[in-house]
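In: Any chance you can model this:
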Amino acid sequence: AKERKFHAGKAEKLFDLMAYFAGYGFNKSHSAAYAMIAFQTAYLKANYPAEFAAALISLESSNAEKMAFYLKEAHDMGLEILPPNVNESIIDFNVVQGKILFGLQGIKNIGHVSLDNIITEREKNGPFKDLLDLCSRIDLRTSNKRVLENLICAGALDTLPGNRTQKYNELGHVIDKAIENKKRKETGQLSMFAMDQDFDSQEVYIYPNCTPWSDKEKLEKEKEVLGFYISSHPLQDYTLAMKWLNIESIGNLQQQYLNESLQTEPVVMVCGLITSKKIISTKKGDRMAFLQIEDLGNNAEIIVFPKLFSKIENLLNDHSIFVIKGTLDLMSQATCKILANELCPIDLFFTHWPNIAGVTLTLPKACDETIAEQLKNKLLVGKTALQIIFHEQEKTLIMRSSKRFAISFEILKQLAHEHTITVKISF
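Out: Now for the predicted structure:
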């Protein structure tokens with residue numbers, strides 16, 4: 001630099017910058033390779049979205065958190081995800097008629113040795129006919145009771161006779177029966193009615209009657225073994241309740257408000273499933289929480305300050321679906337962020353939400369005294385005001401009850417379904 005009459009100090013500074021950049025900079029060949037990979041993956045995602053997503057999910061199936069993230073990404077891309085099926089699924093996630101079929105390796109606590117044994121037996125001797133047939137044909141040393149329980153909870157055995165509850169409750173008896181069948185087969189001790197070599201494969205286990213798991217219990221077990229809700233979503237049971245409460249979807253909030261220039265932050269009301277929570281202590285030693293929630297389409301962060309947190313801390317441990325009212329943080333562009341003013345489990349809404357003005361039931365025009373009698377039998381004394389709108393002699397009449405009643409969303413759903421009654425909640 002000196003020979004060419006450049007400033008020595010500037011030359012040294014430039015060299016130091018080049019040396020520093022070399023610590024993390026890419027040369028052209030490296031950059032070109034990364035650019036090519038980026039182009040190829042972008043092309044595959046755009047033109048073969050299902051195949052691309054299936055390969056990516058399979059790659060991350062050993063990491064439950066990442067697998068759940070990419071499953072949700074696939075769902076958000078509009079791809080349908082089929083539940084695992086012991087008679088169709090392979091180890092990896094794959095594509096069937098444009099839909100992603102859940103891979104068996106995505107089910108927790110099931111090793112590859114067990115899966116290899118199940119798939120090899122299926123390919124060799126055909127689909128499994130029922131749970132007893134499955135247990136009689138596979139190696140129960142590698143596919144133990146825990147493995148089979150997880151297959152049941154994941155829905156992988158739903159195509160076999162019996163519901164999940166029956167299979168789960170009777171699994172121990174079925175395994176014992178399968179072991180007995182295997183021993184008889186090995187020793188040649190078959191009854192006179194079982195001389196046919198295919199007898200064991202034709203034997204069908206008869207389940208006793210039992211009450212099936214509730215949708216909530218079924219989904220909880222599903223999430224536990226898959227890390228993802230696949231057959232439904234817990235919020236599906238509350239679609240009517242959210243409609244009556246005028247709940248806004250998180251996606252609509254982001255579209256509606258974040259692009260507007262508002263002087264004050266709007267007060268919004270959402271309902272969501274808590275997917276994670278982080279509890280911290282402030283400098284004063286007060287506890288507060290950051291909650292991640294999801295509705296049927298999007299995610300949001302809920303900030304619960306100490307005063308509200310002290311009221312609802314115990315509820316956070318016992319419930320998962322909450323109604324939240326608060327101010328929308330317009331400064332947060334990347335994620336929907338809400339500063340909570342009120343927060344309540346949706347199942348306890350009528351007993352815990354403050355200042356509920358009441359419930360209005362609008363009866364159908366074609367109704368008789370039997371509806372009034374059923375209302376009287378269903379509604380017990382409680383703390384919620386009630387008014388009923390009905391029609392008589394071409395007039396619309398409003399009857400306000402002097403009593404207060406114990407209202408729940410379950411009762412309102414029954415009334416709406418059985419009698420086509422319209423519900424309005426005022427608060």
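In: Just the element for residue 254, please.
Out: In this structure, residue 254 sits in helix 250-257 according to DSSP states H and E.
In: just residue 100 next, same as before
Out: Per DSSP H and E, residue 100 falls inside strand 99-101.
In: name the helices or strands packed onto the helix or strand that that strand is followed by?
Out: Where DSSP H and E defines the elements, the next helix or strand beyond strand 99-101 is helix 112-125. Using 3 or more CB pairs under 8 Å, 6 or more residues apart in numbering; DSSP states H and E as the contact test, the elements touching helix 112-125 are helix 131-137. (Glycine included, C-beta is placed from N, CA and C.)
In: can I have the helix it packs on written out in PDB, keeping just the CAs?
Out: The C-alpha coordinates for helix 131-137 follow below in PDB (Å, rounded to 0.1, in the frame of the first residue of the first chain):
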ATOM      1  CA  LEU A 131     -55.900 -56.400  17.600                       C
ATOM      2  CA  LEU A 132     -55.700 -60.100  18.500                       C
ATOM      3  CA  ASP A 133     -54.400 -60.900  15.000                       C
ATOM      4  CA  LEU A 134     -51.800 -58.100  15.300                       C
ATOM      5  CA  CYS A 135     -50.600 -59.400  18.700                       C
ATOM      6  CA  SER A 136     -50.600 -63.000  17.500                       C
ATOM      7  CA  ARG A 137     -48.400 -62.200  14.400                       C
END
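In: Tell me the gap between that helix and the middle of its chain.
Out: With CA atoms, centre = their mean, to the nearest Å as the basis, helix 131-137 stands 30 Å off its chain's centre.
In: same check, this time on stretch 376-386
Out: Counting by CA atoms, centre = their mean, stretch 376-386 comes out at 33 Å from the chain centroid.
In: Check what contacts the strand holding residue 100 and list those residues.
Out: 50, 53-54, 57, 74, 79-82, 84-85, 88-89, 93-95 (CB atoms under 8 Å, 6 or more residues apart in numbering).
In: among those, which ones are buried?
Out: 50, 53-54, 57, 74, 79, 81-82, 84-85, 88-89, 93-95 (16 or more other CB atoms under 10 Å).
In: Now the helix holding residue 254: buried residues?
Out: So for helix 250-257, counting by 16+ other CB under 10 Å, buried means 250, 253-254, 257.
In: Stretch 159-172 now?
Out: Buried positions in stretch 159-172, judged by neighbour count with 16+ other CB under 10 Å: 160-162, 164-168, 170-171.
In: Of the contacts of strand 99-101, which belong to strands?
Out: Among the contacts of strand 99-101, DSSP state E puts 81-82, 94-95 in strands.
In: longest strand of this structure?
Out: Under DSSP E, the chain gives strand 267-281 as its longest strand.
In: Counting by contacts, list what that one packs against.
Out: With contacts taken as 3+ CB pairs under 8 Å, 6+ apart, strand 267-281 sits against helix 250-257, strand 287-294, strand 299-304, helix 306-318, strand 321-328, strand 336-345.
In: how about these in a markdown table, adding mean pLDDT and distance to residue 397?
Out: A markdown table is the format used below for these (pLDDT from 0 to 100; distance: least, CB to CB, whole Å):
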| stretch | mean pLDDT | distance to residue 397 |
| --- | --- | --- |
| helix 250-257 | 79 | 36 |
| strand 287-294 | 94 | 41 |
| strand 299-304 | 93 | 42 |
| helix 306-318 | 93 | 39 |
| strand 321-328 | 94 | 32 |
| strand 336-345 | 94 | 33 |
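In: which one of these lies closest to residue 371?
Out: Among the helices and strands packed on strand 267-281, the nearest to residue 371 by CB to CB is strand 321-328 (28.7 Å).
In: Which residues does the closest one contact?
Out: Outside of strand 321-328, the residues within contact range by CB under 8 Å, 6+ apart are 234-235, 238, 245, 247, 253, 257, 265-274, 293, 302, 336-347, 349, 353.
In: for the buried residues of helix 250-257, which one is nearest residue 332?
Out: Residue 332 lies nearest to residue 254 out of those, by CB to CB, at 9.7 Å.
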